[in-house]
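Chemist: Predicted structure and sequence below. I'll ask about it afterward.
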Number of protein chains: 2
Amino acid sequence: MTTSRPTSPTSPTSRAEQRRRTEARILDAATQVFFSAGYDRATIRAVASAAGVDAGLVMHYFGSKQELYRRVIDAAPVPEVSGTPAEAAEQILAGLADRLASAPAASLALLRSMLTNPEAASAASAGIARYEAQIAQAIPAADADLRAAIISAITLGITVSRHLIKSDELATADPEQVIRLLRPCVHSLAARPDPSGPPG
Amino acid sequence: MTTSRPTSPTSPTSRAEQRRRTEARILDAATQVFFSAGYDRATIRAVASAAGVDAGLVMHYFGSKQELYRRVIDAAPVPEVSGTPAEAAEQILAGLADRLASAPAASLALLRSMLTNPEAASAASAGIARYEAQIAQAIPAADADLRAAIISAITLGITVSRHLIKSDELATADPEQVIRLLRPCVHSLAARPDPSGPPG
DNA sequence: GCCTTCGGTCAACACTCGTAGAATGAAACG
DNA sequence: CGTTTCATTCTACGAGTGTTGACCGAAGGC
């Protein structure tokens, strides 16, 4: 369709460039498909169709469905958390608010796939571990790792309840109200809570 | 194998009784298979094999895979929550402690299947809604439903992180320590928190 | 201009799944 | 006894899956 100039040695769409673009397009489509369907229900043909190519090409470029999934996971970003415990807590809450307000993020894709497929689980849990490490480094407590894991689990549960289970009170709630109710929880976990706490 | 007495009108294993037993055995096997595999990865053949019968018999008795799944969900129990907010909070924490210490419960099966299959989701979310209603009735606040949903989401996130994601700090943590860290959260959600709270 | 390289498509294989229907054989009943 | 009922199994179909290899056509080096 386009007026290509075949005589040019490095044409605007050289072979290598074309390949790079197609591969990126497949990866984007795979991210979307894996998210909305989960690992098992996601099909190579669906990814190929969404990318506008043939299923065989997906296999040709990525080798296998598992390898394609691993590439998707590796490309998923991890939100940054830093500063004082209080600042970190607010960053976590802000990130959660984003996830509540907008369409579900990549982390949801990880989760759904993880719950679906045992082989996908090991690849995906690495992504969550990265997020927990981010949180843990901002918590000045001996059990920082456990606290970070709990915080991560809470945000995960909230996000899952809203976006995946849906039939929830949470699905229709105002994100800000959820955050407001959750704020003392996250802060009490990020910073050491009232030392005159309940009896053990 | 057993010395049957065919002359007896109602033999120790009459036809109706035999059918009842087989059906119950299939339902038990289905519960187990649906739990450990999720809806999609669970196969009629696996259920049949676990029950020691043929796949066709499962279809003959339950009509379809979805119908079998619905029967499994309907049979799943919901933990009771009642009393004052503080008492309810402790009951919730105790239930969570049980789920952390022992093997994953039926609720996990619901969740996994729910996340896997959209048709299974509607059947399973009813079970979670029942649990949230239990919690909400014990919370004396205008936004009791939302608070209950958040509490349910938190316990869900914790359970998922420990039993399904596994590669967590949570997977190896002492359940009591998790409960201790979580106690102020649940209590602050069940009862109204400090009225001199943070600025809106 | 010729020949290689390679992005991309097509058709097919082997497998598993849910499901349907015929076949079997023992129990219930006259 | 014969006949009917019914729990149970066997066999098979059709659809969908990941994966493969042959094939096509244009880009790129000589």
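Modeler: Nice, I can see it. Residues are numbered from 1 along each chain as shown, chains lettered A, B, ... in the order given.

Chemist: Sketch out the helices for chain A, chain order is fine.
Modeler: Assigned by DSSP state H, chain A shows helices spanning A:15-41, A:44-51, A:55-62, A:65-75, A:85-101, A:106-116, A:118-136, A:144-159, A:169-172, A:175-190.

Chemist: what's the least confident stretch among these?
Modeler: Of all those, the minimum mean pLDDT falls on helix A:106-116 (a mean of 68).

Chemist: export the helices of chain A to a markdown table and tack on distance to DNA strand C?
Modeler: In this view, the C-beta of every residue, glycine as well, is placed from N, C-alpha and C. What follows is the helices of chain A, written out as a markdown table (distance: least, Cβ to the nearest atom of the strand, whole Å):
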| stretch | distance to DNA strand C |
| --- | --- |
| helix A:15-41 | 3 |
| helix A:44-51 | 7 |
| helix A:55-62 | 3 |
| helix A:65-75 | 13 |
| helix A:85-101 | 33 |
| helix A:106-116 | 14 |
| helix A:118-136 | 14 |
| helix A:144-159 | 28 |
| helix A:169-172 | 29 |
| helix A:175-190 | 37 |
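
Chemist: now those helices in a markdown table, with mean neighbour count?
Modeler: Formatted as a markdown table, the helices of chain A follow (neighbours: other Cβ atoms under 10 Å in any protein chain shown):
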| stretch | mean neighbour count |
| --- | --- |
| helix A:15-41 | 17 |
| helix A:44-51 | 18 |
| helix A:55-62 | 16 |
| helix A:65-75 | 19 |
| helix A:85-101 | 18 |
| helix A:106-116 | 25 |
| helix A:118-136 | 19 |
| helix A:144-159 | 25 |
| helix A:169-172 | 18 |
| helix A:175-190 | 20 |
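
Chemist: And the residue nearest to A:Ile135 when sequence neighbours are not counted, how far from B:Ser102?
Modeler: Sequence neighbours aside, A:Ala148 is the residue nearest to A:Ile135 in space, at 3.8 Å (criterion: Cβ to Cβ, 6 or more residues apart in numbering or on different chains). Per Cβ to Cβ, to the nearest Å, A:Ala148 is found 25 Å from B:Ser102.

Chemist: Likewise for A:Asp40?
Modeler: Distance of A:Asp40 to B:Ser102, given as Cβ to Cβ: 27 Å.

Chemist: Okay, domains of chain A per the record?
Modeler: The record assigns chain A these domain ranges, following automatic domain parsing: A:13-75, A:85-190.

Chemist: Not counting its neighbours along the chain, what's nearest A:Ala191?
Modeler: Distances taken as Cβ to Cβ, 6+ apart put A:Pro85 closest to A:Ala191, at 4.3 Å, once the chain neighbours are dropped.

Chemist: For that neighbour, list the residues it contacts.
Modeler: Taking Cβ atoms under 8 Å, 6 or more residues apart in numbering or on different chains, we find A:Pro85 in contact with A:138-140, A:187, A:190-191.

Chemist: for whichever residue of chain A sits closest to chain B, what are its contacts?
Modeler: With Cβ to the nearest Cβ as the measure, A:Gly157 is the residue of chain A nearest to chain B, at 2.2 Å. Residues in contact with A:Gly157 (Cβ under 8 Å, 6+ apart) are B:153-158, B:160.

Chemist: Phi, psi for A:Ile139 please.
Modeler: Per-residue torsions, A:Ile139: phi -100, psi 120 (degrees, to the nearest 10).

Chemist: Quickly note the distance from it to B:Ala24.
Modeler: In this view, A:Ile139 and B:Ala24 are 50 Å apart by Cβ to Cβ.

Chemist: Adding distance to B:Leu182, write the helices of chain A out as CSV.
Modeler: Compiled in CSV, the helices of chain A are given as follows (distance: least, Cβ to Cβ, whole Å):
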stretch, distance to B:Leu182
helix A:15-41, 28
helix A:44-51, 39
helix A:55-62, 41
helix A:65-75, 29
helix A:85-101, 16
helix A:106-116, 20
helix A:118-136, 16
helix A:144-159, 7
helix A:169-172, 18
helix A:175-190, 8
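
Chemist: Tell me which of these lies nearest to B:Phe35.
Modeler: Of all these, it is helix A:106-116 that lies closest to B:Phe35, at 12.2 Å by Cβ to Cβ.
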